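Peer 1: this is a predicted model, with the sequence first.
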Amino acid sequence: MKLTYRPEIDGLRAIAVGAVILYHAQITILGQSFKGGFIGVDIFFVISGYLITSIILKELVTTGSFSFKHFYERRARRILPALLFVMLVSLLLTFAFIFLFPDSFVDLSKSILYSLGFSSNFYFHYSGQQYGAESSLLKPFLHTWSLSVEEQFYILFPIVLLITFKYFKKYLVHILILSFIVSLGIADWGSKNYPSASFYFLHTRMWELLAGSILAYFEITKGHRSKNKTLSLILPSIGLFLILHSILFLNNQMFHPSFYTLYPVIGICLIIWFSGKDELITKILSTKLFVGVGLISYSLYLWHYPIFAFTRLTGIRGNIINELIISVVLLVSSILSYFFIERLFRNKNFHFKNVLIIISVMVGILIIFSSYVLIKNGKINSYNITAGDMVSSPLYKAHCKFSTGEPDFLNEDFFKENFLRCKKKYNNFILILGDSHSVDLYNSISKVSKNEEFIIGLNKGGCRPLDKNDKNCHYNNALKFIENFNENIKYILFTHKGSYFLTNTGSEKDISSSKLRKLPLNLTQINNTLSYLKTIKEVNSNLIFIGPHIEPNIDIDIKFIKNNLDKNNKDTSNYDLIFVDEKLKKLSKQNNIKYLSKIDILNFKFEKDFIVDGIPTFSDNDHWNEFGEVYFGKKLVFNSILKDILFP
């Protein structure tokens, strides 16, 4: 049974999806963040409850019967094609461009399979995923939990409503209101005692859907909505205020869903019930802009989360240009999806038999690919490796990847024997030079590269670029080695500690008593090193300068920071890595040397990169641990020219 079109409902959808997108994008506009944007989902629930109940009750009242076949056909046309298409494209992008850890790939595949079974809300609850947490922003299909809640409602509610209408019609509204009160009470209690279950499950979300159902019941049984002109002029404005206030001032630290959530739910109910063609809020929500966004709101909702997650995983978020490009991609994807997927499949001229065939094919592909990932434990290609796999065994040493920090390495039996064996097998190799941060680079590249790649690291902690004055470093032996095997070196990767500009002179065990000592950035020493390497490697393109290393500086204590502010109130306890990076860029350009900036490529954000899925990435304040070597190594390799070098 077709309902009268209400453009202001699409306007409400626009507000809902806009709030959710701003919340997940973590955008601040004019100093105002949107910490309560998650209530956009609650708005969708109320709208869904209102529309679905209106469809069912109108058919029951006018015909005395209800067609489950037609109802579920409409739901299938509305929900599944666009959802499955977004999943397929996302999975394709993941295989082609996103290099997830195996556990993340398994998680992605499981979330797809559970979504296909309308139960991803159960998966994310039982997998311990906290909605709104930093790690949750990296889960491409976390947002499908709300679709699962709605789908479960669509499956159960028509059956319950039909039985109630047929046998307990007299008490239908009483049952709806009682169910609303019970669900709200359980939600408020559950959010304080079982917050995850309360957030994800239908029984604590049902009251929001039933709020819309109750409105639909009164509208259909009365034959109209509010006829009070005064209230119709005032209450929609109050409703919009409650919604906007919730978006701006609620936050994910509050109990939710709970009595607090009544604010936006009451707000949307006021607009739905009291809106009218002569009322200001209705006119605003019915404008082409709001209606247009509302029409593509489902596609916007489907696309935004995987796009945000993938751009975060690849580290391309952060600057205004990239954010604008991401926004354009999201908008274009949603518009195309609406016109060529949603409208196409909802067109009744497109026979439902053909719709089912296409849906079945897409579901089959998703199940096959996801199952394959699960069978392979996420290790579907050489990109998907774990830190544990590489570190817990001598795998990369056995495949001609080894390093040394000893000054007399040329005389070591291990080095000589393995080097000659590997040289005979592969002939050419990649050489990595530098200090302890070069060791990080060597470990990262060794673990991320193909197994058959021949890689040697000549690196030792504390040894600056080919330092002639440090007898503990391998200056002479390194030069001799490079000169002897120059023709066999495919690439030289040179890196070092970034913080030449500032250092401390005190005990590392008692850093709070340390004193800072400014050192000049030793461009002369670095320049001499680059100049020498250029003469050894005749082709400049084969020499790549990488730096500086990321240094979160977690060991500096707060009192020490406060005691070491310069006259401009600048925190001098933190290394000025950006300053170093700019200097090294200029130096590399002067020498016509390729330079890879870890600052630019890794786009390190402490809150998301220092601990990933509960696992630290650093072993101290400036060195990666085994997990971090793989985590940052993937970003560094697959977002730079190193990818073409290691995976030609």
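Peer 2: Received it, and whenever you're ready, just let me know what you need. Bear in mind the structure is a predicted one, so any value in this text is a computation, not a measurement.
Peer 1: could you list the domains of this protein?
Peer 2: Listed by automatic domain parsing, the domain ranges of the chain are 7-375, 387-499+521-553+576-646.
Peer 1: rank these by pLDDT, which is bottom?
Peer 2: Of all the domains of the chain, domain 387-499+521-553+576-646 carries the lowest average pLDDT, namely a mean of 76.
Peer 1: can you put the domains of the chain in a markdown table and add mean neighbour count?
Peer 2: C-beta coordinates here come from the backbone N, C-alpha and C atoms, glycine included. Formatted as a markdown table, the domains of the chain follow (neighbours: other C-beta atoms under 10 Å):
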| stretch | mean neighbour count |
| --- | --- |
| domain 7-375 | 18 |
| domain 387-499+521-553+576-646 | 18 |
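Peer 1: most distant residue from the middle of the protein?
Peer 2: residue 170 (49.4 Å; C-alpha atoms, centre = their mean).
Peer 1: so that residue, which state does it fall into?
Peer 2: Recorded secondary structure, residue 170: helix (DSSP: H, G, I helix; E, B strand; the rest coil).
Peer 1: could you do residue 75 as well?
Peer 2: helix.
Peer 1: quick check: nearest residue in space to it, chain neighbours excluded?
Peer 2: Nearest non-adjacent residue to residue 75, counting by C-beta to C-beta, 6 or more residues apart in numbering: residue 154, 5.4 Å away.
Peer 1: what helix or strand is that neighbour on?
Peer 2: Residue 154 is part of helix 144-167, with elements assigned from DSSP states H and E.
Peer 1: and residue 428, what does it touch?
Peer 2: Neighbour list for residue 428: 454, 488-490 [criterion: C-beta atoms under 8 Å, 6 or more residues apart in numbering].
Peer 1: look up phi and psi at it.
Peer 2: Per-residue torsions, residue 428: phi -100, psi 150 (degrees, to the nearest 10).
Peer 1: cool, residue 432 as well?
Peer 2: phi -120, psi 120.
Peer 1: does it have beta-bridge partners, and which?
Peer 2: The partner list for residue 432 in beta bridges (DSSP bridges) reads residue 457, residue 493.
Peer 1: separation between it and residue 85?
Peer 2: Separation of residue 432 from residue 85 (C-beta to C-beta, to the nearest Å): 44 Å.
Peer 1: ok so, going back, could I get the contacting residues of the residue nearest to residue 75?
Peer 2: 52, 72, 75.
Peer 1: for residue 155, see how far away the first one is.
Peer 2: Separation of residue 52 from residue 155 (C-beta to C-beta): 11 Å.
Peer 1: over to residue 9?
Peer 2: 23 Å.
Peer 1: now swap in residue 270 and tell me
Peer 2: Applying C-beta to C-beta to residue 270 and residue 155 gives a distance of 30 Å.
Peer 1: what of residue 637?
Peer 2: For residue 637, the distance to residue 155 - C-beta to C-beta - is 46 Å.
Peer 1: re earlier: can you name the two of the contacts of residue 428 that are farthest apart?
Peer 2: Pairwise distances across the contacts of residue 428 peak at 10.4 Å for 454 and 489 (criterion: C-beta to C-beta).
Peer 1: joint contacts of those two?
Peer 2: By C-beta under 8 Å, 6+ apart, the residues touching both residue 454 and residue 489 are 428-430.
Peer 1: dump those to a markdown table, plus distance to residue 29.
Peer 2: Written out in a markdown table, the entries for these read as follows (distance: C-beta to C-beta, whole Å):
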| residue | distance to residue 29 |
| --- | --- |
| 428 | 53 |
| 429 | 52 |
| 430 | 46 |
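Peer 1: thanks a lot, see you next time.
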